[in-house]
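Enquirer: What shape does this take:
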Amino acid sequence: MRARLWMGAALTAALMTSCGAEPLVPVAVRLPWVRADRCLLTIHDPRAGAAARAELDRDIGRYLARQSGRIVYAARDRVTGITLGHGEHQHDMITASGVKVDILTALLLRRSRLGADERDLASRMIRESDNSAADALWWRVGAGEGMSGFYRKVGLRETTPGPSRYWGGTTTSPADRLRLLKVLIGGDKGLGAADRDLVLRLMGDVVPDQAWGVSAAARRGDRVALKNGWTPRPFIHNTWAVTSYGRIVGPGRDLLLSVQTDQQPGEGSGIQAIEGLARMIGTRLDSLSPVLIRPCAAEPTA
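Expert: As a prediction, the model looks like this:
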């Protein structure tokens, strides 16, 4: 044992003094830490989605059965392709001020650019729902005849302009409201990007007391562009028509939604009915396209 200790000390001394080299000092070496990202697979779960869809359809049916008057709607999420609807092709639903987006869009297709006065009228008509501005632009697009041509051009086959000066009497369907939104988003039918941006920007900047309606489908942080309509109908048993349609955009979602009501006992009941339905759709939309997260299969080893 003593001999082994002596030999170890001698070897150490030799290493430290041989060839005049500096003494060897052990150094701690820190190796770089490498994070291995975990491989995960996202798998769509159609069975769970179908079950969630059936449950939502039942709940919406029960909800609509408890409401006053007629309520029809159409919804489409442009991200997932999911569609929902009830009476979406019911085309005798009055638009009231909802037609003001149609008027502006028709005007933009007739003009290479808007004059300053027309831009002011357009802003007041959409953001504030100013009726006098709508009156002025209604005649500039050719009133009912001009609007009929516009509807043919953009493929709104379920929309009929109001008679004479009564633009608010225009009738439409929820499906046609979604078609109009697609024109504003997609840029087909000859509508340029700047014109589309103008309309959607105004719809996204309506005055706060008119931001009700389909906006109830929005999550925190989502962007909303909408137009609402509301009008008493004294010759229809003193009831109201209340409508709302628009686009709700956020992470993983690009929802187009139109809800139209009539024969409502009052404006408030129409708003409440629209928002209840919109909230139900917005809250449960993600459940209709659920996914499963699974780890990737292990890599084969030699």
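Enquirer: C-alpha from now on. contacts and neighbour counts both.
Expert: Will do.
Enquirer: Number of residues surrounding residue 105?
Expert: 22 (other Cα atoms under 10 Å).
Enquirer: Now do the contacts for it.
Expert: residue 199 (Cα atoms under 8 Å, 6 or more residues apart in numbering).
Enquirer: next one: residue 170
Expert: Counting by Cα under 8 Å, 6+ apart, residue 170 has contacts 94-96, 99, 159-163.
Enquirer: how about the strands in this protein?
Expert: In the chain, the segments counted as strands under DSSP state E are 40-44, 70-77, 83-86, 93-94, 171-172, 223-233, 239-250, 253-264, 291-295.
Enquirer: what's next to the fourth one, contact-wise?
Expert: Pointing back at strand 93-94 there. With Cα under 8 Å, 6+ apart, strand 93-94 has contacts from 168-173, 241, 260-262.
Enquirer: most surrounded residue in those?
Expert: residue 260 leads these on contacts (other Cα under 10 Å) with 32 neighbours.
Enquirer: Who is it paired with across the strands?
Expert: Per DSSP bridges, the residues bridged to residue 260 are residue 72, residue 243.
Enquirer: pLDDT on the longest helix seen in the chain, on average?
Expert: Of all segments of type helix in the chain, defined using DSSP state H, the longest is helix 46-65. Across helix 46-65, pLDDT averages out at 96.
Enquirer: cool, stretch 135-151 as well?
Expert: Here the average pLDDT along stretch 135-151 is 97.
Enquirer: Pull up the distance across that stretch, start to finish.
Expert: The first and final residues of stretch 135-151 sit 19 Å from each other (Cα to Cα, to the nearest Å).
Enquirer: buried stuff in that stretch?
Expert: Of all the residues in stretch 135-151, those buried under the rule 16 or more other Cα atoms under 10 Å are 135, 137-139, 141-144, 146-148, 150-151.
Enquirer: okay if I get the residues you listed as JSON lines plus distance to residue 88?
Expert: Shown next, in JSON lines, are these (distance: Cα to Cα, whole Å):
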{"residue": "135", "distance to residue 88": "28"}
{"residue": "137", "distance to residue 88": "28"}
{"residue": "138", "distance to residue 88": "26"}
{"residue": "139", "distance to residue 88": "29"}
{"residue": "141", "distance to residue 88": "27"}
{"residue": "142", "distance to residue 88": "28"}
{"residue": "143", "distance to residue 88": "26"}
{"residue": "144", "distance to residue 88": "24"}
{"residue": "146", "distance to residue 88": "25"}
{"residue": "147", "distance to residue 88": "22"}
{"residue": "148", "distance to residue 88": "21"}
{"residue": "150", "distance to residue 88": "21"}
{"residue": "151", "distance to residue 88": "18"}
